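**Q** The following comprises the amino acid sequence and a computationally predicted model.
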Amino acid sequence: MRPKYLPYLSKSKFIEGMKCLKLLWYEYHRKDEIPKFDILRRSVMDMGTKVGELARTLFPDGVKLERMRVPADHAAQSREALSLRKPLFEAGFIYKRVYALADILVPAGADEWDLVEVKSSTGVKEYHKWDLAFQKYTYEGAGLNIRKCYIMHINNRYVKNGDIVPRDLFSKKEVTEEVDELIPDVVKKISGMVRIVDSNNMPDVKIGQYCRTPYPCVLEGICWDFLPEKDHVFLLHGRKKIAFDLMEQGILKMEDIPEGCKLTGIQDIQVKSHKNQEPHVDKAGVRKFIDKLKYPLHFLDFETIAPAVPVYDLTRPFENVPFQYSLYIVEKDGARPRHHSYLAPERNDPRPEILKQLERFLGDSGSILAYNASFEIQTLHAAIIANSQYGGWFRKIKERFVDLHEPFRQFSYYHPRQKGSGSIKDVLPAMTGSGYEGMEIAEGGIASYEYYRVTFGDSVDEDERRRVRLALEKYCDLDTKGMIGILYALMKDCYCK
Ligand code: SF4
C-alpha cells in the first residue's frame, strides 16, 4: 500500500539509505518489522544525548527548540527563531522532500549561520561529512546562508580533574570544503532515495559486507534468515569473501563445501570439524599452552565502564575503568578454587580498592589467566597511571598473565558448536555444555551499561539497583568460573584420552 502522504527524507534515514536502500525502504514501508533498539544501541544513544547536552553548554545564550511531531510545524517555529540571532539547538528546516535538524546552528556575521554537528566519537568520520552535506543542502535550499560547517567531537586527550570542562572535552574541526565537495553526490543520492521511499516495491538488495560494516544492520535477523541455523558458510573464520563466493555458487552449508575449495588452514580445520561433527584438537599445541601454566592458577576477569564523558578524576574519555573483578585461585592440582570478588558500591573511583585487593590476592607467584588477557593488562595499565604507587607491582604481575583465548585464537582447539567463534560465550557451552543462557546479564557491554545506569542514573530505586548488582555478580563470576571449566576440559582432552 502506498503511504497516504509523501513523507520527508530525514538525515538519519538518509544515513541509513547510504548503508542500504533496503533498510531505507523498510523504514518507510515495514517500520513495525524493524527490531526495537536493544540495550547496547540504547546505551550508545544515551551517551550521544549526554554528549549533546554538554556541547550545548558551550553556547550559554543558545535556544533549544521544542521538538514538534509535524515537521512543517517545527520548521515554522525554527524559521521564527532565526530572527533572534542566537545559537539554536535542533532547528529544523524543510526543502522539497528533505527535512534536517541541526545539532547547533550558530549565527555568523549579519545574516549567515555556521552548522555544528556534535558527535560522541573521538575524531571525524567519513559519514559525519555526509551528514553535514545533507544538512547544508537542506538549509541552503530552505533559504539560509550557511558559512561554515564543523564537527564537534570528543577530545581523547582530555583528562578529568574535578568538574568536566566542556571547552576542553570537545574539539572542533572545520570541514566546510569537504562538505561542499559532497553536495552534488548528496543531491543524486537524495533523488534515488526518494524514489525508493515512494515505491511499493522493496529494492532487491543482496546481503553483503556492508551489512556488518561499519556497524551491524538492524535487519540482519531478517535478511540473513535464509542461511541454515548452524554450520553455514559465513561461520568461516577470517575475511568473508570466500563465504560470499560460495553463496553465489549456491553453497550455504559447510558440509557442502567441495574438496579442493581454496580455504585457509584455519578454515580447513573448521570445515573438517563441521563435516565430522567432531572437535579438532592439536594436542601438541594445547599441551604447549598448558605446560607453561604455573600454580597457583589465578583466573581473573574485569568488568569495566568506558563513558565518553569521564566520571572519575584522572581518567580520559572512553578509558576502560574497572568497577568489578572476579578472581578464582587454584592453589595446586586438584585443589578447590577459592573465590574473591569486588563490585564497586558507590560513585567513588573504584580503582584504588581494586588495586589494593588484587595486590593482596594475586600474590607473588603463579599464572594469571584471563580470556583476552590484553584487555585485563591494558585496564590495569591505565589504572596504574593514576595510581603510580602500584607501578612496580604491575610490571611484575604483567609477566605472569596467560591468555586462555590463545588455543582458540590459534585453532589448536575447535569444536563445531563454537560456530566459528572463539569468544568465551561460545567456547564455554561448546566445551562444557553449560553457559550463559537464562542469565539476566550475559554480555560485557550490557554489564557496563547496567552498572553505569544503576550507579550514576538518578531515577533508579533500591530494589532495581540490588537486582542489577546481583546479576552483575553472577555474570562476572561465571566468566571466571567458566575459564576454570574451559581449562579443565582442555586438560582432559589432551592428557586423558
Ligand atoms: S541486512 Fe544487509 S541487505 Fe539487509 S537491510 Fe541490512 S544492510 Fe541491507
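**A** Noted; the coordinates are in hand. Residues are numbered from 1 along each chain as shown.
**Q** contacts for the worst-scoring helix or strand of the chain on mean pLDDT?
**A** Ranking every helix and strand in the chain by mean pLDDT, DSSP states H and E puts helix 39-56 at the bottom, with a mean of 90. Contact partners of helix 39-56, identified using C-beta atoms under 8 Å, 6 or more residues apart in numbering, comprise 37, 62, 64, 89, 103-104, 116, 118-120, 152, 154, 164, 166, 169-170, 307-309, 443, 445-446, 448-450, 452. Heads up, the C-betas are built off the backbone N, CA and C, glycines and all.
**Q** now with 6 Å?
**A** Contacts of helix 39-56 from elsewhere in the structure, counted by C-beta atoms under 6 Å, 6 or more residues apart in numbering, are Gly62, Phe89, Val118, Ser120, Met152, Pro166, Ala308, Val309, Gly445, Ile446, Tyr449.
**Q** Hmm, Tyr8 is touching Tyr99, no?
**A** Yes: Tyr8 lies in contact with Tyr99 (C-beta atoms under 6 Å); the separation is 3.8 Å.
**Q** Overlap of the contact sets of those two?
**A** Pro71.
**Q** how near is the residue of the stretch 51-200 of the chain found nearest the ligand to Val205?
**A** In the stretch 51-200 of the chain, the residue that lies nearest the ligand is Ile196 (11.9 Å; C-beta to the nearest ligand atom). Ile196 sits 10 Å away from Val205, taking C-beta to C-beta, to the nearest Å as the criterion.
**Q** Check what pLDDT the residue of the chain most remote from its centre gets.
**A** Largest separation from the mean C-alpha position in the chain: Ala110, at 42.8 Å (C-alpha atoms, centre = their mean). Confidence at Ala110, expressed as pLDDT, is 87.
**Q** Over to Asp458?
**A** On pLDDT, Asp458 comes in at 81.
**Q** Can we start the residue count at 187 from this point?
**A** Will do, 187 is the new start, and the previous item becomes Asp644.
**Q** ok, so what distance separates it from Tyr576?
**A** To Tyr576, Asp644 is 33 Å away according to C-beta to C-beta.
**Q** between these two, who's got more neighbours?
**A** For Asp644 and Tyr576, the more surrounded residue by other C-beta atoms under 10 Å is Tyr576, and the numbers stand at 19 against 4.
**Q** Go ahead and confirm that one touches Lys542.
**A** No: distance between Tyr576 and Lys542: 8.6 Å, which falls outside the contact criterion (C-beta under 6 Å).
**Q** one step back: now for the residue of the stretch 237-386 of the chain closest to the ligand, how many residues are close by?
**A** 19.
**Q** Can you give the contact residues for stretch 637-644?
**A** In contact with stretch 637-644 (C-beta under 6 Å, 6+ apart) are residues Ile491, Phe509, Val646, Arg651, Val654.
**Q** mind running it again at 7 Å?
**A** By C-beta atoms under 7 Å, 6 or more residues apart in numbering, the residues outside stretch 637-644 that reach it are Glu489, Ile491, Pro493, Val497, Phe509, Arg533, Val646, Glu650, Arg651, Val654, Arg655, Leu658.
**Q** Report the contact partners of the third one.
**A** With C-beta under 7 Å, 6+ apart as the criterion, the residues that contact Pro493 are Met233, Tyr638.
**Q** Tell me the spacing between it and the ligand.
**A** Per C-beta to the nearest ligand atom, to the nearest Å, Pro493 is found 29 Å from the ligand.
**Q** Shouldn't that residue be within a helix?
**A** No: assessed by DSSP: H, G, I helix; E, B strand; the rest coil, Pro493 does not belong to a helix; its assignment is coil.
**Q** pLDDT at it, what is it?
**A** Pro493 is assigned a predicted lDDT (pLDDT) of 95.
**Q** can you check the first one too?
**A** At Glu489, the pLDDT value in this model is 97.
**Q** check contacts around it.
**A** Counted by C-beta under 7 Å, 6+ apart, Glu489 has contacts Pro508, Phe509, Gln510, Gly630, Ala633, Ser634, Tyr637, Leu658, Cys662.
**Q** So Gly378 lies in a helix, does it not?
**A** Yes: counting by three-state DSSP, Gly378 is located in a helix.
**Q** excluding its backbone neighbours, what's nearest it?
**A** Excluding the flanking residues, the one nearest Gly378 by C-beta to C-beta, 6 or more residues apart in numbering is Leu207, at 7.7 Å.
**Q** check contacts around Gly248.
**A** Listed by C-beta under 7 Å, 6+ apart, the contact set of Gly248 reads Arg242, Lys272, Pro273, Leu274, Phe275.
**Q** In JSON lines: the residues you listed, plus distance to Gly407, secondary structure and neighbour count.
**A** Shown next, in JSON lines, are the contacts of Gly248 (distance: C-beta to C-beta, whole Å; DSSP: H, G, I helix; E, B strand; the rest coil; neighbours: other C-beta atoms under 10 Å):
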{"residue": "Arg242", "distance to Gly407": "36", "secondary structure": "helix", "neighbour count": "17"}
{"residue": "Lys272", "distance to Gly407": "45", "secondary structure": "coil", "neighbour count": "15"}
{"residue": "Pro273", "distance to Gly407": "41", "secondary structure": "coil", "neighbour count": "21"}
{"residue": "Leu274", "distance to Gly407": "39", "secondary structure": "strand", "neighbour count": "23"}
{"residue": "Phe275", "distance to Gly407": "35", "secondary structure": "strand", "neighbour count": "22"}
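**Q** ok, and which of those reach the ligand?
**A** The subset of those within reach of the ligand, by C-beta under 6 Å from any ligand atom, is empty.
**Q** Quick check: of the residues you listed, which lies closest to Asp218?
**A** Set against Asp218, the nearest of these by C-beta to C-beta is Phe275 (30.9 Å).
**Q** What about the closest residue to the closest one other than its chain neighbours, how many residues nearby?
**A** Of all residues not flanking Phe275 in the chain, Lys250 sits nearest, at 4.4 Å (C-beta to C-beta, 6+ apart). Around Lys250 there are 13 other residues, counting by other C-beta under 10 Å.
**Q** I figured Lys250 was touching Ala277, is that so?
**A** No: checked against C-beta atoms under 7 Å, the pair Lys250 and Ala277 is beyond contact range at 9.7 Å.
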